[in-house]
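Undergrad: predicted model follows, preceded by the sequence.
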Amino acid sequence: MTVQVMLISPALNAALREARVDDDAPLDAAGVRQARAATAAVPPADRYVRGPSERCAGTADALGLRAGLEPALRGWDMGRWSGRRLAEVSDSEPDAVSLWMSDPSAAPHGGESLLEFCARIGRLLDALGSGDGEEGGRVLAVVEPAVVRAMVVRALALPEEAFWRLDVAPLTLTGLSGRSGRWNLRCGRPLSPAPRSRPPRSATTRRDN
């Protein structure tokens with residue numbers, strides 16, 4: 001059975017705007033409005049889940065989804081860097097940041113290495129793609145951008161270094177379809193309200209110069 005895994009990244013919040021590392025902060029008012037405006041663009045699914053972060057929970061609620069909490073969908077554990085601005089960490093620990101971004105097995109922050117994170121998310125994707133029981137069908141998950149990137153790396157059998165070359169914008173939908181070991185990717189598209197169609201101009205209303 002073909003499985004569809006649809007991933008929605010959270011709406012904006014202050015932590016995303018400030019480029020903070022794994023800062024579990026709730027959505028701000030603008031993020032809530034953005035998510036509520038995109039409700040009609042959410043595709044149907046057989047199962048709705050979300051990661052445990054505050055912004056995933058807030059995005060799911062604002063989109064009107066009754067999404068069950070899935071602890072395994074938690075974001076990247078960044079250890080003692082959590083909540084700090086990336087620019088601040090780069091200034092205070094430039095060698096550690098360089099090592100972190102060049103060696104997938106390194107975890108200078110004391111949390112998960114990129115290898116460990118991608119392996120954890122990969123195991124979950126494999127389970128979703130097994131096609132057994134309730135894990136099959138269409139699954140829609142509201143997850144952190146890093147989780148989306150890790151799933152794409154696993155689905156396409158990319159080297160972990162490719163993680164750094166993938167960008168996931170806020171409130172976008174990324175789709176994976178197939179089964180474990182053979183996935184097709186539909187790259188992220190914005191979840192935004194459909195533009196209002198304009199009626200054709202009538203010749204009687206045209207202004208002649």
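TA: Now that the structure is in, tell me what you want to look at. Numbers count the residues shown, from 1 in each chain.
Undergrad: ok, then the element right after the helix or strand of the chain with the lowest mean pLDDT?
TA: In the chain, the helix or strand scored least confidently by mean pLDDT, DSSP states H and E is helix 14-17, which has a mean of 78. Downstream of helix 14-17, the next assigned helix or strand under DSSP states H and E is helix 29-37.
Undergrad: what residues does that next one touch?
TA: For helix 29-37, contacts defined as CB atoms under 8 Å, 6 or more residues apart in numbering pick out 10-13, 27, 55, 58-59, 62-63, 170-171, 191-193. Placement of C-beta: from N, CA and C, glycine included.
Undergrad: repeat that for 10 Å
TA: Here helix 29-37 makes contact (CB atoms under 10 Å, 6 or more residues apart in numbering) with 8, 10-14, 16-17, 26-28, 42, 55, 58-65, 142, 170-171, 190-193.
Undergrad: the biggest helix by length in the chain packs against which elements?
TA: In the chain, with assignment by DSSP state H, the single longest helix is helix 114-128. Here helix 114-128 touches strand 3-8, strand 138-142, helix 145-155, strand 172-179, going by 3 or more CB pairs under 10 Å, 6 or more residues apart in numbering; DSSP states H and E.
Undergrad: to residue 77, which of these lies closest?
TA: helix 145-155 (10.1 Å; CB to CB).
Undergrad: now do the contacts for the spatially closest residue to residue 175 that is not a sequence neighbour.
TA: Nearest non-adjacent residue to residue 175, counting by CB to CB, 6 or more residues apart in numbering: residue 186, 3.7 Å away. For residue 186, the contact set (CB under 10 Å, 6+ apart) comprises 4, 6, 173, 174, 175, 176, 177.
Undergrad: next: residue 109.
TA: Residue 109 neighbours (CB under 10 Å, 6+ apart): 21-22, 76-82, 84, 89, 93, 96-97, 100.
Undergrad: one step back: just the buried members of the contacts of helix 29-37?
TA: 8, 10-13, 16, 26-28, 42, 55, 58-63, 65, 142, 170-171, 191 (16 or more other CB atoms under 10 Å).
Undergrad: re earlier: compile the helices and strands packed on helix 114-128 into CSV and extend it with columns for mean pLDDT and distance to residue 118.
TA: What follows is the helices and strands packed on helix 114-128, written out as CSV (pLDDT from 0 to 100; distance: least, CB to CB, whole Å):
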stretch, mean pLDDT, distance to residue 118
strand 3-8, 93, 15
strand 138-142, 95, 17
helix 145-155, 95, 5
strand 172-179, 91, 15
